[in-house]
Structures are given as structure tokens and as C-alpha cells.
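Participant: Got a predicted structure here, sequence first:
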Amino acid sequence: MKILVINTGSSSIKYELFDMADHRVMASGIAERIGEEESLIIQKNILSNGESTEIKEAVLIADHHEGMRHIVDLLVDEEYGAVRDKNEIAAVGHRVVHGGEAFHSTTIIDEEVIAAIKRNIPLAPLHNPPNLIGIEVAREAFPDALQVAVFDTAFHQTIPMRAFLYAIPFELYEKERVRRYGFHGTSHAYVAERAAEYLGRPLGELNLITIHLGNGASMAAIKNGKCVDTTMGMTPLAGLVMGTRSGDVDPALPFFLTDHLGMSPKDIDTLLNNESGLKGVCGTNDMREVIEKIDAGDSRAKIALDLYTYRIKKYMGAYFAVLEILDAVVFTAGIGENSPYVRELCSRGLNRLGMEIDLERNKLAGSGISEINSQNSEVKILVIPTNEELKIAQETKKAIANSLK
Ligand code: ADP
């Protein structure tokens, strides 16, 4: 079975085609700068022997419909295509950012599901509209394939009320669904499953803290395999310090910015989402550059990394308390997978809590799953590469199987 995974942003469509027989990626690509003057489409085809070819086309892509048509053409291209006929693609799995409270799991898309995703637009005004366009264009391009939605929020729907409710008038939850939702759920769920496989224990018996450190960053507390708390909130702005996002700030900060600096809600939105985090403190949102700057003696970069890792460690302590018993901590995504220095700073000094990092193993962690705790550590510390696209493909396959039952 071949499954196409689509992640549609405001000006791009990212896609990956899987052969689910062996979970092999057959093709992956991106149509970017859609609607701009110079759009670009890049596709990499990967043969079963591991050889790959890359096609790069500078084409004018006026809108997502056109982008999708180009993608289909490339996927079935006689010379470069990954499949002969688009009907070989049995299903399309869509990443949908905000499922609100309506979706606890992966769902086959019908008119009602589309209406529910639309109702959640106020909660994710930047993400759900392009996701809906992705669904619309994929339905048009693959009329015979099943369309499936995999929500970033679904994994966090098991969080209990004491952890998801904000202490503000209850009507705001009842009427407007203002609450913590959490994001990156697909990644947290994927690495939790991989951790269970690695530890050789059922996920339902495991207590984990998963730490996703990409451009966006979040943590999840997982008790008996179910998420019980997470750092992001109603929007992906809350929690950890991120590349350009502030994470937690005093909720009264926007009033100060308005009253004293005359900033508009839009200015504040831009400030907290795009100009804060690592970038706000030291001028770059790229962790590699932050570390290079520290090596070159830049004191602001040092402060930025200090803030970044302190916040993670603080939440680690909080989630230790929430979970009471902890089996493993998992680091994942760009920074979590690739920066021994960040992992070390977050994990140091927690021996009394039963968690001890082995600095040598930490430095040697490679591309697969690595265990970086010392022999004596009661809590395992794991580095597990995330793969949100594969998880979406797996979820899509499962949804199809469930629908046939
Ligand atoms: P996205 O959220 O866009 O998917 P990624 O998961 O790719 O992001 O993570 C991007 C981050 O990973 C960037 O801050 C980048 O600097 C960081 N990163 C990648 N490789 C390394 C490395 N070797 N050391 C430190 N940081 C790294």
C-alpha cells in the first residue's frame, strides 16, 4: 500500500510518499513559495536499493491547487516519477494542526470533519486554513484515495482538566473552548512508541518525559502511555524557550507593551512569536549558530542557551513530580537529536532524582536510538530520532484498517 503524507503551510506543500510494505520513503518533496514570483518544487526519489535522484524545478505556482497538480505530475512523471499511476496511491494522510476537543485520534475525512476543522480556525488561524486547502486540493487530485486527518493536538486529548484548564472564568472554556491543547503530538506519540519498543515494555506501563526540541519546542509528561501534561498551551507559544517564540511569559506582559510602548495586538503577536526566544535574546534562532557564538565568546548567546536549557530542566522537575515514577526521558527533533551540549545542560545535577547522564555516551550518540544514561541511572535517558511523516503514514494505514472492520 502506498500512502502520501501532506503537510500544507501557508505558502508551501511538503509531501512524502511511503511504501507501507516496508515503510520505505519512495519520494519526498516540497513545493514552496506558492503564490510568490518565483516558486520552486524539489522532489527526491529514493529507489529500493537506496539510490536517489533529485529534481528541482523553478516554476510559477499561483496557488495550492496548481502546486498540487505539479506534485502529482512529478510523482507520476515517466522519467522521474515514483509511481506509474496516481491511482496506486491508496490514501493521503494530512497533518492538521488543531483538532480542538473534537478529535482524540486520527480520522477519515468527510464533510463533517472538514466542518469541525473549520470551526477550529479561531484556535489556529495560521495553520488550519492552509491545512484545509491541502485537504481540498488532495481530494481533487486523488479522488479515489481515502483522505485522513492526523491532528497535532490529538495525543494530548488525554490531559486531565486540572492540567488543561486555565484559572480564568469557566465560561471561557465552556463557550469559547479556551484551554491548553498542546502540539507536536505526532512526534511525542512516535518517540514514546519507539521508546517502549527499545525498552521492551508495553507503552501502557511506561512513564516518560518526551522533549521535542526543533524550531518549535515542547515537552510532554506521559503516564502509563497516555499524555497527562504538556508545555504548549491553547497556542504553540506557551512553555519552553524556542527559536523565535518566547514560551512562558507573565500573562500581563501584553498590557505593559500596549500601555507603555503603544504596541498593537498584532505587534505583540509578532514580537512574541517571531522576534523572541533564542533570536530575541542573542540574534539567531539557529542552535548551531548559538553554540558557535558561545564558542567565540558571545555573552548574549551564553545567556540565551542558559535560559533555554534552564526552562527545560525546570519542566523536567515539574513533570518528575507529576509522574511520581519516571522510566525514561526522551530527547528528539533537530536540537534534541543533534546537540550533546544541550542534552547535557538539561540533564546535569539530577542524580538525586535517579537520573544520571553519561557524558561519554551522550557525546557518542549516533543517528539511531541511543541510550545516554550511566549504568547506575534508574531513569533511562534516550535520544530517539522523530519521524512525524512516518507516524502520519502509519496512523493513516491504521485508520483505513479500522474503517474496514
Ligand atoms: P523544525 O521544527 O523546523 O522541524 P528541526 O527539528 O529540524 O526543526 O530543528 C531545527 C533546529 O535544530 C535548529 O535550531 C538547528 O540549529 C538545530 N540543529 C540541527 N543540527 C544541530 C546540531 N548538530 N547541533 C545543534 N543544533 C542543531
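Facilitator: Cool, the structure landed. Predicted model only: the values in this text are computed from it and were never measured.

Participant: pretty sure residue 199 is touching residue 369, no?
Facilitator: No - here residue 199 lies out of contact with residue 369, judged by CB atoms under 8 Å, at a distance of 10.1 Å. To be clear about C-beta, it is placed using only N, CA and C from the backbone, and glycine gets the same treatment.

Participant: Taking the stretch 251-400 of the chain, what residue is nearest to the ligand?
Facilitator: residue 334 (2.0 Å; CB to the nearest ligand atom).

Participant: I'd assumed residue 213 was in contact with that residue.
Facilitator: Yes - between residue 334 and residue 213 there is a contact under CB under 8 Å: 6.9 Å.

Participant: For those two, work out which one has more neighbours and name it.
Facilitator: residue 213 (27 against 17; other CB atoms under 10 Å).

Participant: wait, what's in contact with the more buried one?
Facilitator: 240, 312, 331-336, 339, 342 (CB atoms under 8 Å, 6 or more residues apart in numbering).

Participant: is it possible to export these to a markdown table including pLDDT, secondary structure and distance to residue 189?
Facilitator: What follows is those, written out as a markdown table (pLDDT from 0 to 100; DSSP: H, G, I helix; E, B strand; the rest coil; distance: CB to CB, whole Å):
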| residue | pLDDT | secondary structure | distance to residue 189 |
| --- | --- | --- | --- |
| 240 | 98 | coil | 18 |
| 312 | 98 | helix | 20 |
| 331 | 98 | strand | 16 |
| 332 | 98 | strand | 11 |
| 333 | 97 | helix | 14 |
| 334 | 95 | helix | 18 |
| 335 | 97 | helix | 20 |
| 336 | 98 | helix | 16 |
| 339 | 97 | coil | 23 |
| 342 | 98 | helix | 23 |
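
Participant: from these, which is closest to residue 78?
Facilitator: Nearest to residue 78, judged by CB to CB, of these is residue 334 at 36.2 Å.

Participant: most distant residue from the middle of the protein?
Facilitator: Most distant from the centre of the chain: residue 260, at 35.4 Å, with distances by CA atoms, centre = their mean.

Participant: Now name the helix or strand holding it.
Facilitator: helix 253-261 (DSSP states H and E).

Participant: need the residues of this protein near the ligand, please.
Facilitator: Neighbours of the ligand within the chain, by CB under 6 Å from any ligand atom: 214-216, 243, 286-288, 333-335, 338-339.

Participant: Switch those over to a markdown table, and while doing so, append distance to residue 325 to every line.
Facilitator: Formatted as a markdown table, the residues of the chain next to the ligand follow (distance: CB to CB, whole Å):
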| residue | distance to residue 325 |
| --- | --- |
| 214 | 28 |
| 215 | 32 |
| 216 | 29 |
| 243 | 33 |
| 286 | 37 |
| 287 | 31 |
| 288 | 36 |
| 333 | 25 |
| 334 | 30 |
| 335 | 27 |
| 338 | 29 |
| 339 | 28 |
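
Participant: Tell me which residue in the stretch 101-250 of the chain sits closest to the ligand.
Facilitator: residue 214 (2.7 Å).

Participant: For that residue, give me phi and psi.
Facilitator: Main-chain dihedrals, residue 214, degrees, to the nearest 10: phi -110, psi -140.

Participant: Helices of the stretch 201-350 of the chain, residue ranges please.
Facilitator: 253-261, 265-274, 277-282, 287-295, 299-323, 333-338, 340-347 (DSSP state H, counting those that start in this stretch).

Participant: Who are the packing partners of the third one?
Facilitator: Put plainly, it is helix 277-282. Contacts defined by 3 or more CB pairs under 8 Å, 6 or more residues apart in numbering; DSSP states H and E place helix 277-282 against helix 287-295, helix 299-323.

Participant: Show the average pLDDT along it.
Facilitator: Averaging pLDDT along helix 277-282 yields 98.

Participant: Pull that helix out as CSV, backbone CA atoms only.
Facilitator: The C-alpha trace of helix 277-282 is given here as CSV (Å, rounded to 0.1, in the frame of the first residue of the first chain):
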residue,chain,number,x,y,z
GLY,A,277,13.2,33.1,22.1
LEU,A,278,16.8,32.4,21.2
LYS,A,279,16.6,35.0,18.4
GLY,A,280,15.3,37.7,20.7
VAL,A,281,18.0,37.2,23.3
CYS,A,282,21.1,36.7,21.1
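
Participant: which residues make contact with that helix from outside it?
Facilitator: 241-247, 284-287, 290, 293, 298, 300-301, 303-305, 307-308.

Participant: If we use 6 Å, what do you get?
Facilitator: 241-246, 285, 290, 300-301, 303-304 (CB atoms under 6 Å, 6 or more residues apart in numbering).

Participant: what's the distance between that helix and the middle of its chain?
Facilitator: 21 Å (CA atoms, centre = their mean, to the nearest Å).

Participant: Right, I'll call it a day here.
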